[in-house]
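# Next come a sequence and a model predicted from it.
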Amino acid sequence: MTIRDKAKRTIDRFRMLSPGDTVLVGVSGGPDSMALLYLLMDIKDEYGISLKIAHLNHGFRKEAAEEAEFVRERAVSLGLEAVIRFIDVPSIKEKEGLSSQEAAREARYSFFEEAAGEAGANKVALAHTSDDQAETVLIRLLRGSGPLGLSGIPPVRAINSQQSIIIRPLIDCSRREIEGFLSERNIPFVTDSSNLKMDYMRNRVRMELIPFLEGYNPNISEVLVRTAEIIHKDNQFLETEGERAYKSIGRQSGQGIAVDFKALKGLPQAMSSRVIRNAIERVKGDLKRISFQHIAEILNLMDLGEGRWTLHLPDVTVSREHDKLLFKRGKGRR
């Protein structure tokens with residue numbers, strides 16, 4: 001099966017494209033994003049879609065300006081509109097106390113959301129591959145993620161505003177297949193020097209850990225991807241049940257959320273943890289900086305029996321008040 005056929009199979013399987021869609025393609029200029037751009041160019045008439053390009057200069061590297069110009073030239077040569085922007089991510093990193101990768105990710109998704117609105121796009125196509133999926137599962141496993149994290153990168157998901165949908169047509173394609181496609185078509189691309197820096201965990205996983213694990217199983221990347229798919233399906237079911245459980249025992253209370261403590265404690269832990277996550281997300285607006293360990297701390301305190309207690313999480317305070325568990329937005333700890 002060609003990479004074109006594999007990408008089309010993924011698009012059709014997850015219903016990523018519909019006639020009339022305007023698709024904003026995230027193009028860094030690297031091999032994966034250039035392959036995505038040219039693949040979508042190949043099939044745009046078949047699917048009845050129009051394409052536009054988005055590129056973000058994160059401000060980390062000197063060559064980033066040259067990469068932005070490379071993308072601009074590609075857009076002109078292909079006759080496509082391009083939204084190209086610079087964001088001083090190093091300053092955001094220092095101000096917010098984030099890692100370089102966390103700051104870059106937040107800036108990138110915020111940019112895609114804004115650029116999609118500017119371009120009138122209802123879809124944003126990103127170039128994550130099956131190799132990215134395998135690396136992500138390993139990284140999250142090493143960090144102690146729960147089922148949601150171990151589900152990996154979703155093929156389709158809504159941007160925060162719910163106005164546009166992120167799609168990943170290459171999520172079933174390997175980096176090797178992409179390299180072959182670029183070589184066969186003689187498609188130019190740029191190389192990001194930061195992908196070789198060993199102080200980034202993803203780079204160490206890609207260049208050291210996965211090759212090491214291939215000594216035990218040459219198909220380790222495929223195994224990790226398949227595992228993520230299995231966990232994703234199971235987690236979808238549990239999330240649906242968790243949402244149903246939350247709606248039966250949680251309610252708005254003043255400026256926060258109150259959950260029936262006795263009913264919560266009587267649920268299986270797979271359900272109670274999801275009810276807690278639902279309550280936190282409704283109070284906080286998202287689950288940023290809320291880890292598996294934070295949920296475990298709440299569950300552990302619930303086992304203490306009677307008595308009041310308060311737990312400070314990032315931007316959320318959780319407290320036991322008689323027969324209720326109260327979730328309120330607050331500074332908490334970082």
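Cool, got the structure.

# Against Ile84, how distant is Pro147?
Pro147 sits 38 Å away from Ile84, taking C-beta to C-beta, to the nearest Å as the criterion. Every C-beta, even on glycine, is put in place using the N, C-alpha and C of the backbone.

# From what I see, Asp172 and Asp131 are in contact.
No: between Asp172 and Asp131 there is no contact under C-beta atoms under 8 Å: 11.0 Å.

# My read is that Asp327 contacts Asn278, right?
Residue 327: Phe, not Asp. No: in this structure, Phe327 is not within contact of Asn278 by C-beta under 8 Å, at 9.6 Å.

# who has more neighbours, the two?
The neighbour comparison of Phe327 against Asn278 (other C-beta atoms under 10 Å) goes to Phe327, with 26 against 21.

# That one: what secondary structure?
Assigned by DSSP: H, G, I helix; E, B strand; the rest coil, the conformation of Phe327 is strand.

# Contact partners for it?
Shown in contact with Phe327 (C-beta atoms under 8 Å, 6 or more residues apart in numbering): Gly256, Ile257, Ala258, Val259, Ala279, Ile280, Arg282, Val283, Val316, Thr317, Val318.

# Who wins on neighbours among the residues you listed?
Most surrounded of the contacts of Phe327: other C-beta under 10 Å gives Val318, at 27 neighbours.

# For Gly250, give its distance to Arg274.
From Gly250 over to Arg274 (counting by C-beta to C-beta), the distance is 11 Å.

# My error: substitute Asn300 in the last question.
For Asn300 relative to Arg274 (C-beta to C-beta), the value is 17 Å.

# Repeat that for Pro218.
As judged by C-beta to C-beta, Pro218 and Arg274 stand 37 Å apart.

# So the two - more neighbours on which side?
The neighbour comparison of Pro218 against Arg274 (other C-beta under 10 Å) goes to Arg274, with 26 against 10.

# Quick check: which element contains that one?
The secondary structure element spanning Arg274 is helix 269-284 (assigned by DSSP states H and E).

# Name all residues that make contact with Ser273.
Taking C-beta under 8 Å, 6+ apart, we find Ser273 in contact with Gly146, Gly242, Ile295, Leu299.

# Now do the buried residues in stretch 43-60.
Residues of stretch 43-60 classed as buried: Tyr47, Ile49, Leu51, Lys52, Ile53, Ala54, His55, Leu56, Asn57, His58, Gly59, Phe60 (neighbour count, 16 or more other C-beta atoms under 10 Å).

# three-state assignment of Gly242?
Per three-state DSSP, Gly242 ends up helix.

# Please read the previous query as pertaining to Gly152.
Strictly by three-state DSSP, Gly152 counts as coil.

# Identify the residue nearest it in space, chain neighbours excluded?
Using C-beta to C-beta, 6 or more residues apart in numbering and skipping residues adjacent in sequence, the residue nearest Gly152 is Ala228, 3.5 Å away.

# Between helix 269-284 and the helix or strand that that neighbour is a member of, find me the angle.
Assigned by DSSP H and E, Ala228 belongs to helix 220-249. On the basis of axes from the mean of the first three to the mean of the last three C-alpha atoms, to 10 degrees, helix 220-249 is oriented at 70 degrees to helix 269-284.

# what's the following helix or strand after helix 220-249?
Counting by DSSP H and E, what follows helix 220-249 is strand 250-253.

# Tell me the strands beside that next one, with direction?
Strand 250-253 has its sheet partners listed here by DSSP bridges as strand 256-260 (antiparallel).

# For the partner strand, which outside residues touch it?
With contacts defined as C-beta under 8 Å, 6+ apart, strand 256-260 is touched by 246, 249-252, 275-276, 279, 282-283, 323-329.

# Buried residues, stretch 245-258. List them.
Buried residues in stretch 245-258, counting neighbours by 16+ other C-beta under 10 Å, are found at Ala245, Tyr246, Ile249, Gly250, Gly256, Ile257, Ala258.

# Just say helix, strand or coil for Ile92.
Put simply, Ile92 is helix when judged by three-state DSSP.
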